[in-house]
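[1] sequence first, then the predicted structure, then my questions.
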Amino acid sequence: MKTILTKSISQAANIVISGGIVAFPTETVYGLGADIFNENAIEKIFKAKQRPNDNPLIAHIGNLMQINSLAKIITPNAQKFIEAFFPAPLTVILPKTKKVPLIATANLETIGIRMPKNKLAQDFLRECKTPLVAPSANLSGKPSPTNWQAVYEDLNGKVDCILKGEVSEIGLESTVVDCTGENPLILRTGAITLEQLQEIIPETKVYKVSRNEQPKSPGLKHKHYSPTAKVILVESGKCRVESEKRSAFIGLEKPKFEIDFAKICESVEEYAQTVFDFFRQCDRKSIKTIYCEKVEEKGIGLALMDRLKRASEN
Ligand code: TXA
Ligand code: MG
């Protein structure tokens, strides 16, 4: 398959409308989109990403009216979050309508819904005139793509089109919050923080998988975010490791050891925005070990630490 690279929203949207799959920028990470009501197109997404078919996709909307074709009911908790935050790096999980095909939700009766804030994403979604399913536009298991070059690296020849935009402003995937139960449960942390959600609904909690239980979010059980290099988390400022060949460092403070390749970030936000791309750069340089400085688990730091811990588990 020839992958078209374009900056034209209408060209990209026409490919979606005719049943193709198109990677596009959002403020979190690049997504790989298909018409949510086109089962054939959705199947192509699972194939292109080599995504396990038990991992559900998120619906992306260009206007709030589209929620009605996706969600059977909008629970009061979801309503509050939508009013407070949409458009935002926030996905709310709700019971799905019959119209949403089961292949989109991996046979779940619920659907995640998100309205991206990024201007190009919004214009593109509106031009498509249908909600899109869109997982992150990477090969399954690889770090999520935060620029179009990363999408190209993983998916050239496997998708119909890449809509070229800017680098993703946030760099970590959206916060996923299950609004089907009595109290909201955060299934995946992100840029809309626990603290922000609790300001709207104080009972909001972060979901923790207990032993012997099927995780609520199927994505949680899959290998994630991992570069080929080994990832090791280190305490801020304290770390002193033997200098090794082909090692890299990312964090807020310059490390006290010799390093071949380093990224020192000015803020936790910059760390979050650049970490996935840094992982990819390390793999291109055949780095063997990546040392990542730990950050405080509050605000966006909670989401960043979640991704770093997962990357270090592989
Ligand atoms: O920021 C984002 O959310 C990006 C951009 C492209 O919008 N998308 C994204 O999609 O990260 P994906 O497919 O890579 O991650 C979706 C996560 C997975 O962990 C999946 O298991 C979970 O959301 N999820 C989706 N639908 C769900 C549902 N109905 N119930 C529980 N978890 C769900
Ligand atoms: Mg993903």
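    Structure's in. What do you need? Residues are numbered from 1 along each chain as shown. Ligands and ions are numbered 1, 2, ... in the order given.
[2] now residue 206, nearest residue through space, not along the chain?
    residue 186 (4.6 Å; CB to CB, 6 or more residues apart in numbering). For every residue, glycine as well, the C-beta is placed using N, CA and C.
[3] can you pull the contacts of that neighbour?
    175, 176, 177, 178, 194, 197, 204, 205, 206, 207 (CB atoms under 8 Å, 6 or more residues apart in numbering).
[4] what does residue 136 give?
    So residue 136 contacts 29, 30, 31, 32, 144, 145, 173 (CB under 8 Å, 6+ apart).
[5] any idea how far ligand 1 is from the first one?
    In this case it means residue 29. According to CB to the nearest ligand atom, to the nearest Å, residue 29 stands 5 Å off from ligand 1.
[6] same check, this time on the fourth one
    Noted for residue 32: a distance of 8 Å to ligand 1, by CB to the nearest ligand atom.
[7] tell me the SS of that residue?
    The three-state label given to residue 32 by DSSP: H, G, I helix; E, B strand; the rest coil is strand.
[8] I'd say it and residue 23 touch.
    Yes - the criterion here is CB atoms under 8 Å, and residue 32 meets it with residue 23 at 5.0 Å.
[9] mind checking which of those two has more residues around it?
    residue 23 (31 against 28; other CB atoms under 10 Å).
[10] what residues does that one make contact with?
    So residue 23 contacts 30-33, 137, 145, 148, 151, 155, 159, 161-163 (CB under 8 Å, 6+ apart).
[11] what ranges do the helices span in the chain?
    Ranges of helices in the chain, per DSSP state H, are 9-17, 39-49, 67-70, 76-85, 119-128, 148-155, 194-200, 268-284, 300-313.
[12] is it possible to get TSV of those helices that adds mean neighbour count and distance to residue 233?
    As requested, the helices of the chain are exported to TSV (neighbours: other CB atoms under 10 Å; distance: least, CB to CB, whole Å):
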stretch	mean neighbour count	distance to residue 233
helix 9-17	19	38
helix 39-49	18	27
helix 67-70	17	38
helix 76-85	17	30
helix 119-128	20	32
helix 148-155	21	23
helix 194-200	16	20
helix 268-284	21	12
helix 300-313	20	5
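[13] would you list those in CSV and tack on mean pLDDT and distance to residue 215?
    Output for the helices of the chain, formatted as CSV (pLDDT from 0 to 100; distance: least, CB to CB, whole Å):
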stretch, mean pLDDT, distance to residue 215
helix 9-17, 98, 31
helix 39-49, 98, 19
helix 67-70, 98, 23
helix 76-85, 98, 21
helix 119-128, 98, 28
helix 148-155, 98, 25
helix 194-200, 98, 18
helix 268-284, 97, 22
helix 300-313, 96, 13
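[14] could those helices go into TSV alongside distance to residue 95?
    Shown next, in TSV, are the helices of the chain (distance: least, CB to CB, whole Å):
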stretch	distance to residue 95
helix 9-17	26
helix 39-49	19
helix 67-70	10
helix 76-85	10
helix 119-128	22
helix 148-155	32
helix 194-200	20
helix 268-284	31
helix 300-313	26
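[15] any idea which of those gets closest to residue 104?
    helix 39-49 (5.6 Å; CB to CB).
[16] wait, does that closest one contact ligand 1?
    No - judged by CB under 6 Å from any ligand atom, helix 39-49 stays clear of ligand 1, getting no closer than 8.6 Å.
[17] show me what that helix is packed against.
    strand 31-35 (3 or more CB pairs under 8 Å, 6 or more residues apart in numbering; DSSP states H and E).
[18] starting at the chain centroid, how far to the strand it packs on?
    Between the centre of strand 31-35 and the centre of its host chain there is 13 Å, according to CA atoms, centre = their mean, to the nearest Å.
[19] which neighbouring elements make contact with it?
    Checking 3+ CB pairs under 8 Å, 6+ apart, strand 31-35 ends up next to helix 9-17, strand 22-24, helix 39-49, helix 119-128, strand 132-133.
[20] quick one, strands of the stretch 201-314 of the chain?
    205-206, 230-234, 247-251, 261-264, 289-293 (DSSP state E, counting those that start in this stretch).
[21] what comes into contact with the second one?
    Pointing back at strand 230-234 there. Counting by CB under 8 Å, 6+ apart, 241, 251, 255, 279, 288-294, 308-309, 311-312, 314 sit against strand 230-234.
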